[in-house]
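Engineer: requesting a structural model of the entry that follows:
(chains A, B, C, D, E and F)
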There are 6 protein chains.
Amino acid sequence: MAKLVEYKDMAPRAKAVVEGIAAGRGIVPADINNLWKALARHPGVMEAFAAEMREAFAPGKLDPLTKELVYLAVSIANQCDYCTASHGTMARRKGMTDEMHEEFMRVVLAAIKGNKIATAYRVPVDPAFEEK
Amino acid sequence: MAKLVEYKDMAPRAKAVVEGIAAGRGIVPADINNLWKALARHPGVMEAFAAEMREAFAPGKLDPLTKELVYLAVSIANQCDYCTASHGTMARRKGMTDEMHEEFMRVVLAAIKGNKIATAYRVPVDPAFEEK
Amino acid sequence: MAKLVEYKDMAPRAKAVVEGIAAGRGIVPADINNLWKALARHPGVMEAFAAEMREAFAPGKLDPLTKELVYLAVSIANQCDYCTASHGTMARRKGMTDEMHEEFMRVVLAAIKGNKIATAYRVPVDPAFEEK
Amino acid sequence: MAKLVEYKDMAPRAKAVVEGIAAGRGIVPADINNLWKALARHPGVMEAFAAEMREAFAPGKLDPLTKELVYLAVSIANQCDYCTASHGTMARRKGMTDEMHEEFMRVVLAAIKGNKIATAYRVPVDPAFEEK
Amino acid sequence: MAKLVEYKDMAPRAKAVVEGIAAGRGIVPADINNLWKALARHPGVMEAFAAEMREAFAPGKLDPLTKELVYLAVSIANQCDYCTASHGTMARRKGMTDEMHEEFMRVVLAAIKGNKIATAYRVPVDPAFEEK
Amino acid sequence: MAKLVEYKDMAPRAKAVVEGIAAGRGIVPADINNLWKALARHPGVMEAFAAEMREAFAPGKLDPLTKELVYLAVSIANQCDYCTASHGTMARRKGMTDEMHEEFMRVVLAAIKGNKIATAYRVPVDPAFEEK
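Structural biologist: Sure thing, here's the model as predicted:
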């Protein structure tokens, strides 16, 4: 497992990243989640990922819960245990009910099956689906 | 590539599946997409997948576009070319604008990066993310 | 796409590999499939893979069709189009009927769903499944 | 990790699923494995997956051990730890010996190598492997 | 397939990205590769990816060929055909000989086998490999 | 988890493999890592993988650290926790500094993003990237 660095023990570059994330979420920096404690010793990757996440979740045309569901869907497809646990929790905090979770999982599992069917039966793309 | 069977040449079991899908989409059976033409010779898999898709996309708590985005996210993560092309088209038909697509892609790409960072740095799951 | 080298144009090391495979299958070397034509310019990888395939498919406790189905299952899970096409053909030559193919696909698709369910719901391994 | 629900504490829908599986395996419901204890709070997904597994493993043209090996091959390719542990155990219960396991693994590993070789060297599909 | 936009037809934001890449490679913007022609209609993703690539390949402690080999290894593991073709070409331009390519492929294939062995046999991480 | 067999308890075939690896690394056989302790009961797979690793890491045109980075890149892409931990440690022993690790991770993450962009936007391969 990664060696986790607590906020109080981080170098200034890492502290700055954590403070930015904490401010955005309305939490105190000491309550930052493990991913950032693990990245604290890798400041270049940490800063770049924090910036990418901030842009991805910036207010826009898709609502915050939809974005969490998209993130969670990718994480399940990629079988990332940490991401499934963390973004599952975040999706619930942003309003995902048990009923919505079940619908979400039905679509995820149907998609995974569709992906493998298209591959296994070697289906050619319809002309109607090509970009114009 | 799969051998595609046109609707008019399908056996009755396959025709019935296509008719159900066509009715749900408001198209004529002859305009069904290639996935179903490829599955026409595999009726057991075809019927099971059609039923699973119908249930996954049945009206519920998540709106139809959100479901398409979840399906598309999984398909991109799994690198399924057919599914990316077909459900990308369907997402547009259900209202996805260029601006929404760009936001969606930002989240998908951030998720894929987050997945690999969690793995590469071997981040342990926070107690706060465990199920209660 | 790879540049394919026909048997008659291969260097001696590649020719020797192809002759061994052709003898095992009862075909003439000129009828070797594209994978080996593509590997002809990479003799170290070619020899090592030919040896590994020969050992994997050597007569043993599992019958030849079962081995083909295991190979095909992995290829579908990994979404390898070439391998799905080639080993699908080989499975048919070794006795896979349409009915067996449909049963096989049902198991492959159930397995893929089971894999994602175990991940998405974060199921811990039962003590009864641990090695003794 | 998932919160596991013991059989005696499950809601009626989940109990019914577990009873069906237990009857099929000749065990008591209390001995059901963790996957179903984790799904007990997600009855829609649970019922659908139980039905899909029952159909996939229904008696047919492929023998039960071959089906287990296909399931296990997919699980290894997908790197699902739970499924590798559980279906490895089930394959042994259905007759897989150490010798068969070693042969099986040789085919799985050869397949994975073949998949990556076909991709890395970008091998085009032979006309002989196309569906007629 | 993506609709490709030629340099002369790109909007100003996309043109600026292409000009930066072309300057770095010593080519004329019209000779930019397809990935950027496809991204031209998605300027947010295009700018972010161009910036990430520039930073990843900036001069540093690892030499340019090593970086190309790392990129190519990931692309083969992920079975990305476009990336395997493009970065295979770039690795050759940066000095990869046939002999180096064969050594590289031997390591890639050994790694993929090692990955699946570790998973299939469920090997626990040695204390000596944990971060201090 | 796998049942681990200590060197002193291994059968002769497994002992011989471990002795060969230990000699190559300059360690005593008792200090062999868990992967080999887990494979000790599967001598055919063990011998074949040991031989493949020895060939892959034999002295050649690529230096030992480059090979470790290629191995590590594949392991991260494939999300193999054991391999990421073990070959991360080995890369450090062969000279990977924190600075090199950060550069390496930037390339790995850029590659993964590039792979998904090429797929998601369905980019066709440039003629210039095709093999001659």
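
Engineer: three-state assignment of the residue nearest to the spatial centre of chain A?
Structural biologist: By Cα atoms, centre = their mean, chain A has its centre lying nearest to A:Tyr71, at 4.2 Å. With DSSP: H, G, I helix; E, B strand; the rest coil as the basis, A:Tyr71 sits in helix.

Engineer: any idea how far chain D is from it?
Structural biologist: With distances taken as Cβ to the nearest Cβ, to the nearest Å, A:Tyr71 is found 20 Å from chain D. C-beta: built from backbone N, CA, C; applies to glycine.

Engineer: how about the contacts made by that residue?
Structural biologist: A:Cys83, A:His87, B:Val107, B:Ala110, B:Ala111, B:Gly114 (Cβ atoms under 8 Å, 6 or more residues apart in numbering or on different chains).

Engineer: again, 6 Å this time
Structural biologist: Contacts for A:Tyr71 were tallied using Cβ atoms under 6 Å, 6 or more residues apart in numbering or on different chains; they are A:His87, B:Val107, B:Ala111.

Engineer: that one and A:Pro64, how far apart?
Structural biologist: Per Cβ to Cβ, to the nearest Å, A:Tyr71 is found 11 Å from A:Pro64.

Engineer: secondary structure, pLDDT and neighbour count for the contacts of A:Tyr71 - can I get that in TSV?
Structural biologist: What follows is those, written out as TSV (DSSP: H, G, I helix; E, B strand; the rest coil; pLDDT from 0 to 100; neighbours: other Cβ atoms under 10 Å in any protein chain shown):
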residue	secondary structure	pLDDT	neighbour count
A:His87	helix	97	26
B:Val107	helix	98	25
B:Ala111	helix	98	29
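
Engineer: so which strand or helix has the residue nearest to A:Leu39 when sequence neighbours are not counted?
Structural biologist: Distances taken as Cβ to Cβ, 6 or more residues apart in numbering or on different chains place A:Met46 nearest to A:Leu39, at 4.0 Å, with adjacent residues excluded. Element membership of A:Met46, judged by DSSP states H and E, is helix A:43-56.

Engineer: so for that helix, what's the average pLDDT?
Structural biologist: The average pLDDT within helix A:43-56 is 97.

Engineer: list the buried residues in it.
Structural biologist: A:Pro43, A:Val45, A:Met46, A:Glu47, A:Ala48, A:Phe49, A:Ala50, A:Glu52, A:Met53, A:Ala56 (16 or more other Cβ atoms under 10 Å in any protein chain shown).

Engineer: from those residues, which is closest to B:Ala77?
Structural biologist: A:Ala56 (14.9 Å; Cβ to Cβ).

Engineer: next one: that closest one from chain E, what distance?
Structural biologist: For A:Ala56, the distance to chain E - Cβ to the nearest Cβ - is 10 Å.

Engineer: ok, now which ones touch that residue?
Structural biologist: By Cβ under 6 Å, 6+ apart, the contact list for A:Ala56 reads B:Arg106, B:Val107, B:Ala110.

Engineer: 10 Å instead, please
Structural biologist: For A:Ala56, the contact set (Cβ atoms under 10 Å, 6 or more residues apart in numbering or on different chains) comprises A:67, A:70-71, B:103-111, B:113-114, E:48.

Engineer: contacts for stretch A:125-132 next, please.
Structural biologist: A:118, B:4, B:31-35, B:37, B:81-90, E:1-4, E:38, E:41, F:121-122.

Engineer: filter the residues you listed down to the ones in strands?
Structural biologist: Residues of those located in strands (DSSP state E): none.

Engineer: among the residues you listed, name the buried ones.
Structural biologist: A:118, B:4, B:32-35, B:37, B:81-90, E:2, E:4, E:38, E:41, F:121-122.

Engineer: and the angle from the helix or strand where A:Ile76 lies to helix B:64-77?
Structural biologist: Taking DSSP H and E as the criterion, A:Ile76 maps to helix A:64-77. On the basis of axes from the mean of the first three to the mean of the last three Cα atoms, to 10 degrees, helix A:64-77 is oriented at 30 degrees to helix B:64-77.

Engineer: next, the buried residues of helix A:64-77.
Structural biologist: Neighbour-count burial for helix A:64-77 [16+ other Cβ under 10 Å]: A:65-77.

Engineer: tell me the mean pLDDT over that helix?
Structural biologist: Averaging pLDDT along helix A:64-77 yields 98.

Engineer: with stretch A:124-131 instead?
Structural biologist: 94.

Engineer: buried residues in stretch A:16-30?
Structural biologist: Buried residues in stretch A:16-30 (16+ other Cβ under 10 Å): A:Val17, A:Val18, A:Ile21, A:Ala22, A:Pro29.

Engineer: which bits of chain A sit near chain C?
Structural biologist: A:72-73, A:75-81, A:84-85, A:88, A:101, A:104-105, A:108-113, A:115-122 (Cβ under 10 Å from any Cβ of the partner chain).

Engineer: export stretch A:28-46 to CSV, keeping only CA atoms.
Structural biologist: Taking C-alpha atoms only, stretch A:28-46 is exported to CSV below (Å, rounded to 0.1, in the frame of the first residue of the first chain):
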residue,chain,number,x,y,z
VAL,A,28,-11.1,20.9,6.5
PRO,A,29,-7.8,19.9,4.9
ALA,A,30,-7.1,17.2,7.6
ASP,A,31,-10.1,15.3,6.3
ILE,A,32,-8.8,14.9,2.8
ASN,A,33,-9.2,11.4,1.4
ASN,A,34,-6.4,8.9,1.0
LEU,A,35,-5.8,9.4,-2.7
TRP,A,36,-4.4,12.8,-2.0
LYS,A,37,-2.4,11.6,1.0
ALA,A,38,-0.8,9.0,-1.3
LEU,A,39,0.0,11.6,-4.0
ALA,A,40,1.5,14.1,-1.5
ARG,A,41,5.0,12.8,-2.3
HIS,A,42,4.4,13.1,-6.0
PRO,A,43,3.6,16.8,-6.4
GLY,A,44,3.8,17.0,-10.2
VAL,A,45,1.2,14.2,-10.8
MET,A,46,-0.8,15.6,-7.8
